[in-house]
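> what follows is a predicted protein model with its sequence.
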Amino acid sequence: MTAQTDKQRDARAMATEFAQKYGILLALVLVCVILTFANEYFLTGRNIINVLRQTAINGILAIGMTFVILTRGIDLSVGSVVALAGVVSASLATTSTTAGIAGAPYPALLALFAGLIVGVAAGWVNGIIVSRYRVPAFVATLGMLSAARGLTLLYAGGKPVPALTDGYRYIGTGDILGVPMPVVIFAAVFFVALWVLSQSRFGRQVYAAGGNPHAARVSGINVNRVKLMVYVISGGLAGLAGMILAARTGSALTQAGIAYELDAIAAVVIGGTSLSGGVGKVTGTLIGALLIAVVNNGLDLMGVESYYQQVIKGGLIVAAVMLDQARHKQG
Amino acid sequence: MADALLEVNGLRKQFGGVVALSNGRFVLQPGTVHALCGGNGAGKSTFLTIVMGIQDRDGGVIRRNGKEVRFEKPSDALDAGISIIEQELSPVPAMSVAENIYLGREPAGFLGRIDFATMNKNAQALLDELHFDISAKSLMMDLTVAELQLVEIAKALSYDAEVIIMDEPTSALGEAEADQLFAAIERLKAAGKGIIYVSHRLSEIFRIADSYTVFRDGAFVGDGAIADVTRESLIQMIVGRPLTEEFIKENTPTDEVTLKVQDLNTRGWVRDISFEARRGEILAFYGLMGSGRSEVFERLFGMSPNEGGTISLFGQTVDFTSPKQAIDGGLAFVTEDRKGTGLVLSGDVRANICLAQLEQLSRGQAMQSRLEADAARKMIEMFGIKTASDRLEVSGLSGGNQQKVVLGRWFLTNPKVLLLDEPTRGVDVGAKREIYRIMSDFAAAGGTVIMISSETDEVLGMADRVVVLRDGRISGTLDRAQLSAETLVHLAA
Amino acid sequence: MIKALKTMTAATAILAGTAAFAADTPKIGAAVYGLNAEFMQIWAAALENHPAVKEGKVEVTVFDGRYDALVQQEQFETMITQGYDAIIFVPIDIEAGATAVQLAADAGIPVFGSNTRVNSDLLTAYVGSDDVQSGYMEAKYVLDQIGCTGNVVIIEGPIGQSAQIQRLEGNQKALAECPDVKVVEQQTANWSRAEAQTLMENWLTAHPGEIAGIIGQNDEMALGAIEAVKAAGLNVSDFAIAGIDGVTDALLAVKAGDMASILQDGAAQAQGALDLAIKAVQPDYEPMSPIWEAYPDMPWNGGADAEYSVPWTPVTLDNVDALLELRQ
């Protein structure tokens, strides 16, 4: 080991870190610059608000997904949990006499709390099945994907829960100083997650449990508990996203959230989080979610058919992982 | 003199701006075992990957039987009769031994169907010829690590290779299994093959090699016949400076028992384990792979369920049910498989050092980054860990430095009893010495070291007492005065 | 093989005797493409509430096709094996449904289409509503509102689905009558409220102050557009918005004056098909559903017609309360 190779290694590590940290950010900036020139409305205050609002729901799901993927897991059930939490909480906040449960509408906060509990409970079940019964996450959450959707239809009798109270709808349609509530909530979730993953003890445990569960266990970390917690977080955030969605669209639909898990996973992967665990940042996920929303928004603005959007999103995902692979090879 | 099997001169390779190899030189004669020596980062791997056609060279000449060659892909090297047995095995677990040996070149029968009969027959003939007691039809997943290694050797030979490269072939083998491997090597030698043997274990090199070549810092340093070199001078060539002693042992055991284990059973097959470890002592656990050594450590550390027996620590009976309790009780456990169970390879040096002390380094849930940085700095200084920054990934460190990171993690917990499972495996000679120094200092300062080792030299050099395990039971406990390589091997086999 | 099977069924019926036959209520199966959305639930509920079912004159089983043509085909196979007397079919796909109909026809079981067409001449009869007409009606409403001038957008169903194709045909027929109207955007939101909302938000940005009319090919998408307009801080009353189907949320929106909707009477489609199916099994049956009186434009004609077209009902402030009442 000479000083020279140390220095070289250092330089390589810095280059790797740069690519990891800023590669996808550069892509986002580039896309934004192109769209700014391609469409006069892209860089307007209102459109930026639109993009942020359109990012919020997928972004919240993707942040939960980041925790799960960091521990080498996956949560396929978030889309269904979105719907389940949506109808349950909405049934407490509707003025409709048929769709609501007895005594509805209840105060918005109570309804929101109920939706959050539903999400947390679904996540808890996922987490127990994965951590205690050692069922692969893919299988466990695939089961929940189906079960939660079924429960949604059962609970709501297959019908939407309409006519939500204004108080409840505030989280979807209200704003604080012109910033829409979904964006405010998304930002709050993001900053909390950022702190948890980079500054908290639990965050350290998540990275260790994902990077090397055996080493984490030997070092005294309760890996099972960490795994349980990440699914609870993912479920809770899915519940939150489901309620925002219901509040935005004005009624909780049993069909809400179908395939949302895929967009969430896409945002996480584009953001540079490794599916093999232990590597990734919530800032990457934010950028990934923004990139997806910006591309969709830009193509809509330019009147490009939505089918192209799907093709482009597919390309983005694969390109992001290819970048990741190239980095590993070189490292 | 006839042409050498392989002759390499002035081999050069650069990665970006980094010179990985500046002057690779190597001559392999038929019917010899030629040791390729060097510390981590000496350029051995780069040299081998070029010879194997995995990477291209920037300069230099490779001659095979006197003819200049240039391999563009691994199959070119295989066609030229050069094959490698890699350090990391890559078996297909659900396939049979024969299928693994002939993977990708199965003998074709009627209509392109795989001719299993011929394949099994050929594979069995090959294994028999090598005196490997393995059935060609058994599944890879049913074999031991040592047997997998032997299959890998048979596979290499099935290419009719004349030049066989063995990269740390004994790293996963016990003494008896290594003997089996050495016997196979002798037969290959007798058949006129040339073997390039890469190992950190000097005792092996002196046992089976005929000649040696040393690389250091990417360049050729010297070569010659093993008969003409002493162990000390070879070490000196490898590390580039004189090493007075290979082992460092300055501790004096006391009579104060720190850990007492009685009639311990674990994992169903490790039974009746009783021993004592004392303050200031280095106690070694010696035995073959699969003799139950690691299982005893895992039980002590609360990683497997209680199946009977008592453990007392400083006079108090304990029964740890999780590693966390064991850590709080003053134990530390450096596991055998550094990459598999020791390090979080994707994490940085700091995160790895702080991993077992997260509670102490945080206030509530909030990590105190200053405390973390201080802890990392302290351990980096204490063990002389070579890293440009504590924020670099540990995967970029050499084996020795990685091991020191693991040690640093455990020293940070202020342990009273250090459990070390093969602490110097895959670590170069220089770093080995530093690890011995750490062990010795820890014991001298009143700690207790319990070390698992498969290397007799290491046990003889470091241990105050030795517990020998065989098939899950203790077959003998020896004092330092009674120690000899013969008794150890005799008790273990 | 099939012939042998038929003979066997006949033999069983004869053996069972006349007394048993009378006690044996006809078994009718309904294979619907999926029960997850409100429209099909209304359809299925109407079937269960048909007077003949309530009085126990006929036994009805609804099969949920789970939006999969293959699942539907397998359900047909099940019904054939279990000896159903007639099948009511709401296919997911106009083409893929044909195989299933063929299977039933081979087994001698009459199949009645309802709501969605299937490309097969083996259907005994079809009860549905003409999507071209509804597309025309909703576009006409929007164009009338904006005075046959200005810009409109069309939010389409999944491209290639028969409802999308026919409703678009109707949209275009109405648009052809207003040459001054320009379609500035036209894209699919896959019948989804959330997708339509995003699409509309982006269009409002791309064409600020230029869009006067919004033609949603179903109510869900029109409702999504309304939310987008609200989110953009614009006035919903400044836009002419229309959808199709008459789902509950849309009825509420009509009541609030936010949009227009054209009610597709799924209940009539279901009950009409069931009346025809019973008639096919029991030739002396007279229709029991009240729909035949409610829609004088759609005469029973002895149950012999091949096609029955259930008229569309524009939802207005006059009839919306009554319609909402029915949904309770």
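Arrived safely.

> strands along the stretch 1-150 of chain C, start to end?
Counting by DSSP state E, counting those that start in this stretch, one finds strands in the stretch 1-150 of chain C at the ranges C:27-32, C:59-64, C:86-90, C:111-114, C:125-128, C:150-156.

> of these, which is nearest residue A:243?
strand C:150-156 (25.1 Å; CB to CB). Quick note: C-beta positions are derived from backbone N, CA and C, even for glycine.

> hmm, the closest one touching chain A?
No: Strand C:150-156 stays clear of chain A (CB under 8 Å from any CB of the partner chain), getting no nearer than 10.0 Å.

> which outside residues touch that strand?
C:142-143, C:146, C:164, C:168, C:171, C:175, C:180-189, C:196, C:199-200, C:203, C:207, C:210-217, C:221-222, C:224-225 (CB atoms under 8 Å, 6 or more residues apart in numbering or on different chains).

> and the buried ones among those residues, selectable in PyMOL?
The buried residues among those can be selected in PyMOL (16 or more other CB atoms under 10 Å in any protein chain shown) with this line:
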select buried, chain C and resi 142+143+146+164+168+171+175+181+184+185+187+188+189+196+199+200+203+207+211+212+213+214+215+216+217+221+222+224+225
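
> end to end on stretch B:269-288, go ahead and measure it.
15 Å (CA to CA, to the nearest Å).

> that one: which residues count as buried?
Here stretch B:269-288 shows B:270-271, B:273, B:275-288 as buried, counting by 16+ other CB under 10 Å.

> give me the subset of those residues lying in strands.
Counting by DSSP state E, the buried residues of stretch B:269-288 place B:270-271, B:273, B:275-278, B:282-286 in strands.

> leaving out chain neighbours, which residue sits closest to residue B:416?
In space, and not counting its chain neighbours, residue B:416 is closest to residue B:330: 3.7 Å by CB to CB, 6 or more residues apart in numbering or on different chains.

> err, residue C:70, not the other one
Excluding the flanking residues, the one nearest residue C:70 by CB to CB, 6+ apart is residue C:96, at 7.9 Å.

> that neighbour: neighbour count?
16 (other CB atoms under 10 Å in any protein chain shown).

> okay, now the unreliable bits of chain A?
Flagging of chain A using pLDDT under 70 yields the residue ranges A:1-21, A:324-331.

> dihedrals phi and psi, the residue nearest to residue C:70?
phi -60, psi -20 (degrees, to the nearest 10).

> repeat for residue C:216
When read as degrees, to the nearest 10, the backbone of residue C:216 gives phi -100, psi 130.

> OK, contacts around it?
C:138, C:155, C:196, C:222-225, C:241-244.

> correct me, but residue A:206 touches residue A:197?
Yes: counting by CB atoms under 8 Å, residue A:197 is a contact partner of residue A:206 at 6.7 Å.

> re the thing from before, compile the ones in strands among the buried residues of stretch B:269-288 into a markdown table and extend it with columns for pLDDT and distance to residue B:340.
As requested, these are exported to a markdown table (pLDDT from 0 to 100; distance: CB to CB, whole Å):
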| residue | pLDDT | distance to residue B:340 |
| --- | --- | --- |
| B:270 | 89 | 20 |
| B:271 | 89 | 26 |
| B:273 | 93 | 24 |
| B:275 | 94 | 26 |
| B:276 | 93 | 30 |
| B:277 | 94 | 26 |
| B:278 | 93 | 31 |
| B:282 | 94 | 25 |
| B:283 | 95 | 25 |
| B:284 | 93 | 22 |
| B:285 | 93 | 19 |
| B:286 | 90 | 22 |
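
> what's the closest of those residues to residue C:268?
Of these, the one sitting nearest to residue C:268 (CB to CB) turns out to be residue B:270, at 77.2 Å.

> re the thing from before, possible to save the ones in strands among the buried residues of stretch B:269-288 as a markdown table with distance to residue A:214?
Conversion of those to a markdown table gives the following (distance: CB to CB, whole Å):
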| residue | distance to residue A:214 |
| --- | --- |
| B:270 | 20 |
| B:271 | 25 |
| B:273 | 23 |
| B:275 | 26 |
| B:276 | 29 |
| B:277 | 25 |
| B:278 | 30 |
| B:282 | 26 |
| B:283 | 25 |
| B:284 | 24 |
| B:285 | 20 |
| B:286 | 24 |
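
> in space, what's closest to the residue in the stretch 301-450 of chain B positioned nearest to chain C - neighbours in sequence excluded?
Nearest to chain C in the stretch 301-450 of chain B, going by CB to the nearest CB, is residue B:365, at a distance of 35.3 Å. Closest residue in space to residue B:365, ignoring its immediate chain neighbours: residue A:200 at 4.5 Å, by CB to CB, 6+ apart.
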